[in-house]
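1. need the 3D shape of this:
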Amino acid sequence: MLEDFTGIINWENVFKNSENFKNNPHFKFGFIEDFFVKDFYEKLYQTYPKIDETWIDGSDHSKSQLAKFWGNFGPKDVVEEGNDPSQSEEWNKFKRYSMTDEFINNFRKFSGVEVTKLKHFKFMSYRKGGFQLPHIHDVGPSTLVMMLYFSKDWPQGDPGGTYMSTDLDESTIVFEPYDLDNSLALFQDGPKAAHGVRYITKDVVRQALQITLEGYSKETGWTGDPKELNLTEA
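-> Residues are numbered from 1 along each chain as shown. Okay, here's the model as predicted:
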């Protein structure tokens, strides 16, 4: 019997933003508010994993961020099927849903990007001193990077959300999200898809989940560069 995944995502609201995503003049990116159905989102929010020794510090000269990977998967692994017993029932249900044809086909329709499979599903957080310098991957033609936010009452104008820019300089930012409560920022990876996170000066925790969808076939593998398995974005 197929699992019932109704009552998770506001798909009508998602598709309302499709044309804006596809027709953005800089590169394909978008922002969706009220992404999850409210009751389901609140359960995810209440059980978002607290930062502890199980999180990995992914900091280097270009970024300061923390990551928690699903189950027993590591930074260089592609996520596969399977529950994570350390996470709540709702998080496990959403992970299962993110691997379904319905979820992937809807985002292929929304974006026009030829994604066919889930590649990454991991928690990403920033604290005081967190940042990521603007950068571009350009790993392949069919990669969709999604940053789902779980931070209430984020002040307008404060850094923390993943911004989109036209060059590798913060002075070229064209969009930066401030509503980080039940929202989604996403972009198609490509040669112009510059993005980053401004330096956080306040004593806050910005909570997010990164999902990466990508084209895949058994014959040729992933459409993205295999060396870029560990995208850390959200």
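2. touching the helix or strand harbouring Glu42 from outside, list them.
-> For Glu42, the host element (DSSP states H and E) is helix 38-46. With contact meaning C-beta atoms under 8 Å, 6 or more residues apart in numbering, helix 38-46 is reached by 7-8, 35-36, 88, 90-91, 94, 150, 152, 182. Yep, even glycine has a C-beta here, placed from its N, CA and C like the rest.
3. distance check, His195 against Lys202.
-> His195 sits at a distance of 21 Å from Lys202 (criterion: C-beta to C-beta, to the nearest Å).
4. these two: which has the busier surroundings?
-> His195 (24 against 10; other C-beta atoms under 10 Å).
5. any idea what the more buried one is bridged to?
-> Beta-bridge pairing for His195 (DSSP bridges): His135, Met164.
6. could you check how far it is from Asn106?
-> 23 Å.
7. same deal with Asn13?
-> 12 Å.
8. again with Thr47
-> Taking C-beta to C-beta, one finds Thr47 at 24 Å from Asn106.
9. hmm, back to that, list the buried residues in the helix holding Glu42.
-> For helix 38-46, burial by neighbour count (16 or more other C-beta atoms under 10 Å) applies to 40-41, 44-45.
10. can you check stretch 147-167 too?
-> Burial within stretch 147-167, assessed by neighbour count using 16+ other C-beta under 10 Å, is assigned to 147-151, 154, 158-165.
11. state the mean pLDDT of that stretch.
-> Average pLDDT, stretch 147-167: 98.
12. which parts of this protein are helices?
-> Listed in chain order, the helices of the chain (DSSP state H) span 11-16, 18-22, 38-46, 89-98, 101-111.
13. give the contact list for Gly161.
-> Here Gly161 is in contact with 147, 149, 154, 176-178, 180, 185, 197, 206 (criterion: C-beta under 8 Å, 6+ apart).
14. the chain: strands as residue ranges?
-> Using DSSP state E, the strands of the chain run over residues 29-33, 56-57, 63-64, 66-69, 117-126, 131-135, 143-150, 163-165, 173-175, 181-188, 194-197, 206-214, 216-217, 221-222.
15. so where's the protein uncertain?
-> Along the chain, segments meeting pLDDT under 70 span 226-234.
16. how long is stretch 169-178 end to end?
-> Using C-alpha to C-alpha, to the nearest Å, the end-to-end distance of stretch 169-178 comes out at 19 Å.
17. count of neighbours near Asp107?
-> Quick fix: residue 107 is Phe, not Asp. The tally of other residues near Phe107 (other C-beta under 10 Å) stands at 20.
18. cool, and Lys76?
-> Using other C-beta under 10 Å, Lys76 has 10 neighbouring residues.
19. adjust the sequence numbering to begin at 13 for everything that follows.
-> All right, first residue 13 from here; so that's Lys88.
20. roughly how far does it sit from Asp69?
-> From Lys88 over to Asp69 the distance is 16 Å, taken as C-beta to C-beta.
21. do Thr155 as well
-> With C-beta to C-beta as the criterion, Thr155 and Asp69 are 25 Å apart.
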